[in-house]
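>>> need a 3D model of the sequence below.
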Amino acid sequence: MSVNFSIRTALLLVLFSLGIASAQTPEAEAAFRRGIDALHAARLDAAAEAFAQSAHLAPRFAPAYLNLGLVREQQGRHQEAIAALQSAIAIKPTLRGANLFLGIAEYRLNHFEEAAKALEAETRASPEDAKAWMWLGIDLLAAKRPTDAAEALNKAAKLSPDDVDILYHRGRALLLSSRQSYEHMFKVDPDSWRVHQVLAQGAAESERDSDAVQEYQAAVAKAPHEPGLHQSLATELWRMGKLGEAQAEYRRELEIDPNNTLATYQLGCLLVETSAASEGKPMIEEAMKQDPNLPIANFYLGRADMQLGNDEQAIAAFKRMLAMQPDAETELQSYYQLSRLYRRQHHAAEAQEALNHFKELEEKGRQQKSDLFQKRREASQDGVAMPPLPPTPDAEKDPIE
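Okay, the predicted model is just below:
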């Protein structure tokens, strides 16, 4: 990231410096103020000359050196900026902002180690300064220390959670740190089950389900009792339509970890999908006791009650699902199932209203199924169970009962 010192940025530091101290002589004070006026007028050469004169007349006046350094940095004269900022710090080590701008100037010259020292000093002096932590992270990234950079940028993000610059650099740091860790893992043991797991996750995120299954199977072969592997394999098998194999893998997962709420929930949904609602519904309900916010759980509860003939309970479940403002595909399917339930109960008006909602959503095409699967894959990486939805119903080919 390039440094872009604006006149406004420099002025803010100048005005701040005025409140720190006064020059020892009226002449030095006057020169300092001339520098401020020159900055207001965007006359950098005149400002530099005035601040240099102020520093000459009052050699122990740190703000003059600080602002001279800022002007030199604005002029692109980085080495001179570094010298002026170092003089300011030597006079007043606690001068706020001096180490920050010294670090940035060193960074501009690719002096990453020197920049880190200055920026670390600034974070010690001003631990609540998000920008200081951000610049430390930027410098550490440039120095190819992504793990340390991520630590600094995480601190910056806590102090300023909505700063898009911080969020951008933190994302880069986390990505590079992750890549570095994986590369080292591949070198240490290229055939470990962890390597196969990583390859499987990458394939799943790219929607290469058959490759993901192959890699998860390789991981399972090497670590058959490792929690989580059978569950991940089962989800990929489900996406490929291999429901029997998926069910078996979910059951193996629960043999290893009977308290796995997500696996219990996913198996329950799969059982409903295979018309085994009497076994699947209790599993979904049990999982919801542990985590009431499980995604699309009410949709599968509604489908389970439809199979069991509990129409009123099914209607209530689909209504709960719709009240949660689900993704477009879940919303579409929930309205479709409601229309079937109302027709089955001979509530023609309600059935037509639900069917109209279904057709309106279908026509708008608010979200493609492939996009939904991708989002669910991404969510699964964050530990959120997102079982696949059944195929989108076709009101023409699959008429309402």
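>>> residue 225: neighbour count?
Burial measure for residue 225: 11 neighbouring residues, criterion other Cβ atoms under 10 Å. In short, each C-beta sits where N, CA and C put it, glycine included.
>>> find the helix or strand that it is a member of.
Using DSSP states H and E, residue 225 sits within no helix or strand.
>>> that one contacts residue 255, correct?
No - contact between residue 225 and residue 255 fails when scored by Cβ atoms under 8 Å: they sit 9.3 Å apart.
>>> would you tell me which helix is longest in this protein?
Among all segments of the chain classified by DSSP state H, the helix with the greatest residue count is helix 164-188.
>>> what sits up against that helix?
With Cβ atoms under 8 Å, 6 or more residues apart in numbering as the test, helix 164-188 has contacts from 1, 130, 134, 137-138, 140-141, 146-147, 149-150, 153-154, 156-157, 160, 192, 194-195, 198.
>>> if you look at the residues you listed, which of them are in helices?
Checking the contacts of helix 164-188 against DSSP H, those in helices are 130, 134, 137-138, 140-141, 146-147, 149-150, 153-154, 156-157, 194-195, 198.
>>> please name the residues that touch the spatially closest residue to residue 60 that is not a sequence neighbour.
In this structure, residue 60 finds its nearest non-sequential neighbour in residue 91, 5.6 Å apart by Cβ to Cβ, 6 or more residues apart in numbering. Residues touching residue 91, when contacts are defined by Cβ under 8 Å, 6+ apart, comprise 60-62, 65.
>>> and if you look at residue 197?
The contact partners of residue 197, taken as Cβ under 8 Å, 6+ apart, are 215-216, 219, 229, 232.
>>> among the ones in helices among the contacts of helix 164-188, the buried ones, what's the PyMOL command?
What follows is the PyMOL syntax selecting those of the ones in helices among the contacts of helix 164-188 that are buried according to 16 or more other Cβ atoms under 10 Å:
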select buried, resi 130+134+137+138+140+141+146+149+150+153+156+157+194+195+198
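>>> check what pLDDT the residue most central in space within the chain gets.
Nearest to the geometric centre of the chain sits residue 171, at 6.9 Å (Cα atoms, centre = their mean). Per-residue pLDDT puts residue 171 at 94.
>>> ok, now residue 166?
Looking at residue 166, its pLDDT stands at 95.
>>> swap in residue 386?
With respect to pLDDT, residue 386 scores 64.
>>> going forward, begin numbering at 29 instead of 1
Yep, numbering from 29; the last one is residue 414 now.
>>> pull the residues that contact the host helix or strand of residue 246.
Element membership for residue 246, per DSSP H and E: helix 237-250. For helix 237-250, the external contacting residues (Cβ under 8 Å, 6+ apart) are 219-222, 224-225, 227-229, 231-232, 254, 257-258, 260-261, 264-265, 267-268.
>>> and after that helix, which helix or strand comes next?
Going down the chain from helix 237-250, the next helix or strand is helix 257-267, by DSSP H and E.
>>> so which elements touch the host helix or strand of residue 66?
Following DSSP H and E, one finds residue 66 within helix 54-68. If you count contacts as 3 or more Cβ pairs under 8 Å, 6 or more residues apart in numbering; DSSP states H and E, helix 54-68 packs onto helix 35-46, helix 72-85, helix 90-102.
>>> quick check on the contacts of helix 237-250: which are buried?
Looks like those have 221-222, 224-225, 227-229, 231-232, 257-258, 260-261, 264-265, 267 buried, using 16+ other Cβ under 10 Å.
>>> which of these sits closest to residue 149?
Minimum distance to residue 149 across the buried ones among the contacts of helix 237-250 is 39.1 Å, recorded for residue 222 (Cβ to Cβ).
>>> gap between the nearest residue to that closest one once chain neighbours are set aside and residue 252?
Nearest-residue entry for residue 222: residue 213, 6.2 Å, with adjacent residues in sequence omitted and distances by Cβ to Cβ, 6+ apart. Computed with Cβ to Cβ, to the nearest Å, the distance linking residue 213 and residue 252 is 20 Å.
>>> again, but for residue 304
The spacing between residue 304 and residue 252, counted by Cβ to Cβ, is 26 Å.
>>> compare the two (neighbour count), which wins?
It is residue 304, of residue 304 and residue 252, that has more neighbours when counted by other Cβ under 10 Å, with 15 against 12.
>>> got the contact list for that one?
With contacts defined as Cβ under 8 Å, 6+ apart, residue 304 is in contact with no residue.
>>> what ranges in this structure fall below the confidence cut-off?
Scanning the chain with the threshold set as pLDDT under 70 gives 29-52, 394-414, 417-429.
>>> pop the domain breakdown of it in here.
According to automatic domain parsing, the chain comprises the domains 35-212, 326-429.
>>> what would the ones you listed look like in a markdown table with distance to residue 310?
Formatted as a markdown table, the domains of the chain follow (distance: least, Cβ to Cβ, whole Å):
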| stretch | distance to residue 310 |
| --- | --- |
| domain 35-212 | 39 |
| domain 326-429 | 9 |
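>>> out of these, which is the most enclosed?
domain 35-212 (a mean of 19; mean count of other Cβ atoms under 10 Å).
>>> thinking residue 385 is in contact with residue 361, fair?
No - under the criterion of Cβ under 8 Å, residue 385 lies out of contact with residue 361, with a separation of 11.3 Å.
>>> from the chain's centroid, how far away is stretch 155-174?
Shown here is stretch 155-174, whose average C-alpha point lies 18 Å from the average C-alpha point of the whole chain (Cα atoms, centre = their mean, to the nearest Å).
>>> C-alpha coordinates for that stretch, PDB please?
Output for stretch 155-174, consisting of C-alpha atoms alone and laid out as PDB, is shown next (Å, rounded to 0.1, in the frame of the first residue of the first chain):
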ATOM      1  CA  PRO A 155      -1.800   1.000  22.200                       C
ATOM      2  CA  GLU A 156      -5.300   2.300  21.300                       C
ATOM      3  CA  ASP A 157      -4.100   3.800  18.000                       C
ATOM      4  CA  ALA A 158      -5.600   1.500  15.300                       C
ATOM      5  CA  LYS A 159      -3.600   3.100  12.500                       C
ATOM      6  CA  ALA A 160      -0.300   2.300  14.300                       C
ATOM      7  CA  TRP A 161      -1.300  -1.400  14.500                       C
ATOM      8  CA  MET A 162      -2.500  -1.300  10.900                       C
ATOM      9  CA  TRP A 163       0.800   0.100   9.600                       C
ATOM     10  CA  LEU A 164       2.800  -2.400  11.700                       C
ATOM     11  CA  GLY A 165       0.800  -5.200  10.100                       C
ATOM     12  CA  ILE A 166       1.400  -3.700   6.600                       C
ATOM     13  CA  ASP A 167       5.100  -3.600   7.200                       C
ATOM     14  CA  LEU A 168       5.200  -7.100   8.600                       C
ATOM     15  CA  LEU A 169       3.400  -8.400   5.500                       C
ATOM     16  CA  ALA A 170       6.000  -6.700   3.300                       C
ATOM     17  CA  ALA A 171       8.700  -8.400   5.400                       C
ATOM     18  CA  LYS A 172       7.100 -11.800   4.700                       C
ATOM     19  CA  ARG A 173       5.900 -12.300   8.300                       C
ATOM     20  CA  PRO A 174       2.200 -12.900   7.600                       C
END
